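Participant: The following comprises the amino acid sequence and a computationally predicted model.
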Amino acid sequence: MDVKDKLIKTRQLNREECRELLDLLLTEEREGEIMSAITREAVRLRKEYYGNKVFTRGLIEFTNFCRNNCNYCGIRRDNRELDRYRMSEEEILACCRQGYRLGFRTFVLQGGEDPWFTPEKIAGLVEQIRNLYPDCAITLSVGEHSREVYKLWKEAGADRYLLRHETANEAHYHFLHPKEMSFSRRISCLYDLKDLGYQVGAGFMVGSPGQTPDHLAEDLVFLQDLHPEMVGIGPFIPHHATAYAGAKAGSLDLCLKLLSVIRILLPDVLLPATTALGTLDPLGREKGLMAGANVVMPNLSPTENRNLYQLYDNKICVGDEASKCQNCMALRVRNAGYEMVSERGDHIS
Ligand code: SAM
């Protein structure tokens, strides 16, 4: 059985097979015979599990302060040219209020690792959102914390947690991060979150500096081992105030192929068509949906903050009001042949 058939028939690949598959992804056109079969299967599976539905997440980027210094990231601590902001509790709750009115039933609170937002402050915020919107899912994405802190937030009412593993190869992890950051800590955070009953989102950038096909193969193996409920992948895009200012952006084409492969390996996964896809190509998110993605994440943050949450250059949608983002996204989803729904959009399990 060749690797494409093994992927489609067994939905499981070991490391060597993942590596073989990567060669195929890197050489065959998306329209080629083998790749078309993979995309077709990915779309068939996303329809089998989630029908025509596309779930929306209202993204609230509530702080751009960060204690970390990830080499690739525009909001890294050492970026001194960035104006820093943190939203007040009232502002965050106002975003939820507007989001709820617009039909969002998941709120994603994302930010840098900002020590001003202590575990207790975040727990208080989660509790308020939980009480105000009992029918909504609450997703946190605020980086690495202890198991006790994750437990506190879970008990306060958080349902999901997004923490990309960034790369499953330890040497590559250390290449992308300063020496005080630890690969094993990141991975153990993900297992802690799983163990505590969160719906967990892992993921990585495609085309990050130093990434090789071997690393991507390891990412695919890691995802099969962790079996996260969500996987966020998007192209790496350089930011002018980082050491990778002159690096090449990741390939949209490879991202789309990987979305299809991940859909097959984890058929019931919640897979966003990310903003970074839309930054590389005006139709990137539509293409993501047509490759097997089933989630979109329009921005609910106030427009005055959006420019300041630039993880990479030329990020799209920084000027649009939430309601406009919502309408634009609904149209894009429809154009891709799907329907945007106003539901929590939990993982099927
Ligand atoms: N601090 C939290 C964390 O570490 O998970 C959440 C915020 S962090 C900025 C969100 C994600 O942005 C990262 O996991 C990373 O993959 C992505 N990101 C950062 N810089 C990027 C870049 N230059 N291009 C594409 N994605 C980037």
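Facilitator: Yep, that arrived.
Participant: List the buried residues in stretch 305-313.
Facilitator: Buried residues in stretch 305-313, counted by 16 or more other CB atoms under 10 Å: 305-306, 308-312. Every residue, glycine included, has its C-beta placed from N, CA and C.
Participant: Same question for stretch 45-60.
Facilitator: 45-46, 49-50, 53-60.
Participant: Now, those residues that are in strands?
Facilitator: Among these, the members found in strands (DSSP state E) are 53-56, 58-60.
Participant: do the lowest-mean-pLDDT helix or strand in the chain and the ligand meet?
Facilitator: Ranking every helix and strand in the chain by mean pLDDT, DSSP states H and E puts helix 303-306 at the bottom, with a mean of 89. No - using CB under 6 Å from any ligand atom, helix 303-306 never reaches the ligand; the gap is at least 13.8 Å.
Participant: roughly how far apart are the nearest residue to Tyr309 once chain neighbours are set aside and the ligand?
Facilitator: Closest residue in space to Tyr309, ignoring its immediate chain neighbours: Glu61 at 4.2 Å, by CB to CB, 6 or more residues apart in numbering. The gap separating Glu61 from the ligand is 8 Å, by CB to the nearest ligand atom, to the nearest Å.
Participant: got it, and Asn52?
Facilitator: Taken as CB to the nearest ligand atom, the span from Asn52 to the ligand is 29 Å.
Participant: who in the chain is up against the ligand?
Facilitator: So the chain meets the ligand at 72-73, 75, 110, 112-113, 141-143, 163-164, 166, 205, 234, 236-237, 239, 276, 311-312 (CB under 6 Å from any ligand atom).
Participant: Which members of those are positioned in helices?
Facilitator: Residues of these located in helices (DSSP state H): Ala276.
Participant: Now, of the residues of the chain next to the ligand, which are buried?
Facilitator: Buried, going by 16+ other CB under 10 Å: 72-73, 75, 110, 112-113, 141-143, 163-164, 166, 205, 234, 236-237, 239, 276, 311-312, out of the residues of the chain next to the ligand.
Participant: unless I'm mixing things up, Ile233 is touching Phe204, no?
Facilitator: Yes - counting by CB atoms under 8 Å, Ile233 touches Phe204, with 5.9 Å between them.
Participant: what's the longest helix in the protein?
Facilitator: helix 33-50.
Participant: So Leu256: helix, strand or coil?
Facilitator: helix (DSSP: H, G, I helix; E, B strand; the rest coil).
Participant: hey, where'd the strands end up in the stretch 51-200 of the chain?
Facilitator: Per DSSP state E, counting those that start in this stretch, the stretch 51-200 of the chain carries strands over the ranges 53-56, 58-63, 106-111, 137-141, 160-162, 199-206.
Participant: mind listing what Gly157 touches?
Facilitator: The contact partners of Gly157, by CB atoms under 8 Å, 6 or more residues apart in numbering, come to 126-127, 129-131, 138.
Participant: Now do it against Tyr198, distance only.
Facilitator: 12 Å (CB to CB, to the nearest Å).
Participant: One more: Asp225?
Facilitator: 17 Å.
Participant: More neighbours: which of those two?
Facilitator: The neighbour comparison of Asp225 against Tyr198 (other CB atoms under 10 Å) goes to Tyr198, with 23 against 10.
Participant: Test my guess that the more buried one contacts Asp159.
Facilitator: Yes - contact criterion CB under 8 Å: Tyr198 and Asp159 qualify, at 7.0 Å.
Participant: In a markdown table: the strands of the stretch 51-200 of the chain, plus mean pLDDT.
Facilitator: Below are these laid out as a markdown table (pLDDT from 0 to 100):
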| stretch | mean pLDDT |
| --- | --- |
| strand 53-56 | 98 |
| strand 58-63 | 97 |
| strand 106-111 | 98 |
| strand 137-141 | 98 |
| strand 160-162 | 98 |
| strand 199-206 | 98 |
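Participant: Which one, of those, ends up nearest to Arg344?
Facilitator: strand 137-141 (4.5 Å; CB to CB).
Participant: Keeping just the C-alphas, turn the closest one into PDB.
Facilitator: Written as PDB, here are the backbone C-alpha positions of strand 137-141 (Å, rounded to 0.1, in the frame of the first residue of the first chain):
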ATOM      1  CA  ALA A 137     -17.900  28.200  25.400                       C
ATOM      2  CA  ILE A 138     -15.000  30.000  26.900                       C
ATOM      3  CA  THR A 139     -11.600  29.400  25.300                       C
ATOM      4  CA  LEU A 140      -8.300  30.700  26.900                       C
ATOM      5  CA  SER A 141      -5.100  31.200  25.000                       C
END
